[in-house]
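Chemist: build me a structure from this.
(one chain, ligands or ions: 2)
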Amino acid sequence: GPVIDARGLVKRYESGDGYLEALKGVDIAIEPGEFVAIMGPSGSGKSTLLNMLGLLDDPTEGSVYIDGDDTAEFTDAERTTARKRTIGFVFQNFYLIPTLTALENVEVPALLDRDPATRDRAADLLSRVGLAERTDHLPGELSGGQKQRVAIARSLVNGPRLLLADEPTGNLDRETGRKVLDEFTRITESGVAVVAVTHDPQLPDYTDRTIEMVDGELSR
Ligand code: ADP
Ligand code: ADP
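Modeler: Ligands and ions are numbered 1, 2, ... in the order given. So this is what the prediction gives:
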């Protein structure tokens with residue numbers, strides 16, 4: 001079954017003395033290992049949908065199911081655990097900590113576990129994304145594509161089954177963007193699903209499915 005299954009998502013934001021409906025009844029199920037792109041104009045609701053799939057914000061109506069469990073019924077602690085175990089995040093601006101090395105950045109999401117194996121796992125992930133020679137570099141010493149590959153390694157450190165990526169190639173030139181997309185393809189081959197919100201016209205060349213979002217609704 002799907003890793004994540006969103007049903008009937010409606011999201012309303014308060015706006016002036018009324019409200020704005022950013023999602024108008026969105027259904028989307030993501031299967032293990034799928035690579036899905038969500039495209040569409042600015043303001044169409046893509047970030048809002050990503051926030052719901054990432055359990056970062058609650059829908060006004062509808063539910064997000066993880067492995068068949070309705071996350072609306074989760075306690076805050078259960079949501080945090082589900083997010084950490086199941087979902088990794090990749091952002092347009094990388095969000096690396098500038099004073100930490102590449103290796104230390106990759107370890108960050110696992111630090112609270114105090115698991116001695118974390119360092120080895122982080123080193124292994126960095127070599128999988130082609131950065132074995134860059135482990136001790138600071139982000140300021142890395143190119144944009146290298147920074148994004150560090151961020152991808154970081155997103156994998158807790159062993160998620162779903163990566164949510166918000167404009168992952170938005171700050172990269174085409175060639176560097178392609179390398180990052182190749183990285184996502186390899187990740188999906190290991191069974192991890194990737195959902196990317198994007199304006200990048202080359203992304204559909206890499207994905208299994210590209211979904212268009214228009215005015216709070218999905219269309220194929
Ligand atoms: P996209 O990612 O496609 O650009 P968003 O999901 O950011 O679209 O926004 C969809 C609509 O919801 C826009 O009209 C935006 O201004 C509005 N919106 C998004 N987040 C909020 C928020 N936290 N509060 C109020 N309005 C919001
Ligand atoms: P994107 O560049 O992905 O379309 P935006 O720059 O529109 O994203 O929004 C960035 C963040 O700000 C998102 O998390 C979104 O939910 C939030 N946001 C967008 N529009 C508004 C708004 N009108 N009021 C408050 N927050 C908003």
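Chemist: got any ranges where the chain has weak pLDDT?
Modeler: Scanning the chain with the threshold set as pLDDT under 70 gives 220.
Chemist: residue of it nearest ligand 2, please.
Modeler: Residue nearest to ligand 2 within the chain: residue 47 (4.1 Å; C-beta to the nearest ligand atom). C-betas here are computed from N, CA, C, even on glycine.
Chemist: check which helix or strand covers that residue.
Modeler: Secondary structure here is read from DSSP states H and E; on that basis residue 47 sits in helix 46-53.
Chemist: give me the contacts around the helix or strand just after that helix.
Modeler: Next helix or strand after helix 46-53 toward the C-terminus (DSSP H and E): strand 61-66. Contact with strand 61-66 is made by 2-10, 25-26, 52-53, 55, 70-72, 82, 86, as judged by C-beta atoms under 8 Å, 6 or more residues apart in numbering.
Chemist: generate a PyMOL selection restricted to the buried subset of those.
Modeler: Here is the PyMOL selection string for the buried members of these, based on 16 or more other C-beta atoms under 10 Å:
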select buried, resi 2+3+4+5+6+7+9+10+26+52+53+55+71+82+86
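Chemist: what comes up buried for stretch 95-112?
Modeler: Neighbour-count burial for stretch 95-112, with 16+ other C-beta under 10 Å as criterion, is recorded at 96, 101, 102, 103, 104, 105, 106, 107, 108, 109, 110.
Chemist: typed the wrong thing, it's stretch 185-204
Modeler: 187, 188, 192, 193, 194, 195, 196, 197, 198, 200, 203.
Chemist: redo these as TSV? Include distance to ligand 1 and secondary structure.
Modeler: Converted to TSV, the buried residues of stretch 185-204 look like this (distance: C-beta to the nearest ligand atom, whole Å; DSSP: H, G, I helix; E, B strand; the rest coil):
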residue	distance to ligand 1	secondary structure
187	23	helix
188	23	helix
192	23	coil
193	20	strand
194	17	strand
195	13	strand
196	12	strand
197	6	strand
198	10	coil
200	14	coil
203	15	helix
